[in-house]
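**Student:** okay, predicted coordinates and the sequence, questions at the end:
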Amino acid sequence: MSEIIRKFNKRNVIKLSHALNYAHYNVGIVALDIIYTLIAQITNEDTSLNSYQVSIVQLEQRFGRKLNRKSLENAKQELISEPILFAKSNNEDPYPWVEKFELNSRKGSIEIKLHPNLTEHLIKPKLYAMGNLESILAIKSIYTKRIYMLCSQFVAGRKFSIGMKPLRNMLSTPSSLNNAYGNFKERVLVPAIKTINDSSDLKVKYDEIKTGRYITDLEIIVIKKDSKVIRRLKSGVVGVENWLNGYQEREDFMDTEVA
């Protein structure tokens, strides 16, 4: 029996497990947008990951920009070869994002399927981050997209902390942004927070936490713009939960399930 190949739907909600949201991987912006758009196709009724066929024109319309053959070939190579590296505590071997990526230039379409090992991270994950695809696609920076998804995970708790080392590892930042906090702040953090606040469904603010003379952690408050909490914050009543319980391991992110 041949596999059913589905067409892209217009779903705008993405869900992925905490472990996948934290994972380290190094892909370009076209590949990342394809990943998030693929994840948005998954419904609550799905029991396995499906194959999809999408026209390049449809992707261009969704992304709001043109996609040339070189950018798609690069995305294909990244998605079939670049490993997803999970935290050691997750005890999961690396594997690529997709099992299949067939680019048909004659038809102007892509047939694509996520790697089956991602099933537990995308089909009804117990702990998950939930983001808005429209907000993600409007963001032009890879770092900002991932920081947006990190913040989306903590909307229910509204306050969390993260160490600079695991944050940089998650974002796959180069050494030029890792050696000095000032460079990271100027080129990654400040633009990301501004873009998220200006262009997404979230409102974010952060404080820098020092250990000795160095900035080692960020404490971040995140709320939905349509939440009543925004009005409470504006009136000076900060109604947020404290997620600052520390990490299980200093290298890891903090996992907390909201009751």
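**Tutor:** That came through, no problem. Numbering: from 1, shown residues only.
**Student:** which residues of the stretch 151-259 of the chain fall in helices?
**Tutor:** According to DSSP state H, counting those that start in this stretch, the stretch 151-259 of the chain carries its helices in the segments 164-171, 175-178, 181-184, 190-199, 228-234.
**Student:** which stretch among those comes nearest Leu103?
**Tutor:** Closest approach to Leu103 among the helices of the stretch 151-259 of the chain (CB to CB): helix 164-171, 27.5 Å. (C-beta placed from N, C-alpha, C; glycine too.)
**Student:** buried sites along stretch 193-205?
**Tutor:** 193, 195-196, 200-204 (16 or more other CB atoms under 10 Å).
**Student:** identify the farthest-apart pair in these.
**Tutor:** So, these by CB to CB: farthest apart are Ile193 and Asp201, at 14.5 Å.
**Student:** how about low-confidence regions in the stretch 101-250 of the chain?
**Tutor:** Within the stretch 101-250 of the chain, the segments meeting pLDDT under 70 span 227-250.
**Student:** can you pull out the strands in it?
**Tutor:** Using DSSP state E, counting those that start in this stretch, the strands of the stretch 101-250 of the chain run over residues 109-114, 128-132, 159-163, 202-211, 214-224.
**Student:** in JSON lines: the ones you listed, plus distance to Tyr52.
**Tutor:** Shown next, in JSON lines, are the strands of the stretch 101-250 of the chain (distance: least, CB to CB, whole Å):
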{"stretch": "strand 109-114", "distance to Tyr52": "6"}
{"stretch": "strand 128-132", "distance to Tyr52": "19"}
{"stretch": "strand 159-163", "distance to Tyr52": "33"}
{"stretch": "strand 202-211", "distance to Tyr52": "28"}
{"stretch": "strand 214-224", "distance to Tyr52": "29"}
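**Student:** nearest to Lys10, of these?
**Tutor:** Closest among these, using CB to CB: strand 128-132, at 13.2 Å.
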